[in-house]
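> Need the 3D shape of this:
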Amino acid sequence: METLSGDEIDDLLTRCGVGVLALFDGTYPYAIPMSFGYDGTEPIFSIQLGAAEQSHKQECLDGDSTACFTVYDEPEPGTWESAIITGTLVKFPEADVEAAFAALADNAEFPADVGVWGVPLSDVDLTLYGLDIDERTGRKFSPGR
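The predicted structure is shown next:
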């Protein structure tokens with residue numbers, strides 16, 4: 001097992017568009033797959049959260065905005081890389097929204113059917129959040145190393 005360099009973490013975050021966002025609901029961790037955008041030159045780490053009226057995600061954010069985000073990839077068979085990013089989720093300021101949407105457009109992966117949650121899109125409040133990064137670490141595993 002090897003540690004990823006900062007540049008390798010940037011590459012992984014730029015290459016992948018889906019990870020797992022972990023929030024805390026006061027009792028248990030709450031982890032969900034999530035599309036994200038990343039631009040390492042800024043760095044901008046953006047997530048567009050959709051919350052219906054009775055959203056567990058929103059309940060978690062209302063209580064504690066600390067978060068952990070995990071991204072992983074298998075760039076070739078038998079080899080994997082992962083990064084863990086911790087920080088605080090904050091709503092993007094209006095001045096940064098354009099750059100945040102650009103990061104989402106560059107590498108986020110979205111489901112083909114946004115009605116996948118079983119809630120009409122008109123009842124979903126889409127809010128753009130950024131992850132204010134406190135720490136990021138990464139590892140890679142290659143056979144024979």
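> Pull out the buried positions in stretch 67-74.
Of all the residues in stretch 67-74, those buried under the rule 16 or more other CB atoms under 10 Å are A67, C68, F69, V71, Y72, D73. In short, each C-beta sits where N, CA and C put it, glycine included.
> shouldn't the last one be in contact with G17?
No: using CB atoms under 8 Å, D73 is not in contact with G17, being 10.4 Å away.
> I'd like to know how many residues surround V90.
As a burial measure, V90 scores 12 neighbours (other CB atoms under 10 Å).
> Please identify which helix or strand holds V90.
In the assignment (DSSP states H and E), V90 maps to strand 79-91.
> which of the residues in that strand are buried?
E81, S82, A83, I84, I85, T86, G87, L89.
> Lowest pLDDT pick from those residues?
Among the buried residues of strand 79-91, L89 has the lowest pLDDT, at 85.
> Please report the distance of that one from L131.
Note on L89: its distance to L131, by CB to CB, to the nearest Å, is 6 Å.
> Mutual contacts of those two, please.
Residues touching both L89 and L131 (CB atoms under 8 Å, 6 or more residues apart in numbering): I47, A67.
> got the angle for the strand or helix carrying A100 vs strand 79-91?
Using DSSP H and E, A100 sits within helix 97-107. Counting by axes from the mean of the first three to the mean of the last three CA atoms, to 10 degrees, helix 97-107 points 160 degrees away from the direction of strand 79-91.
> Does anything pack onto helix 97-107? Which helices or strands?
Packing partners of helix 97-107 (3 or more CB pairs under 8 Å, 6 or more residues apart in numbering; DSSP states H and E): helix 6-15, strand 37-39, strand 44-51, strand 125-141.
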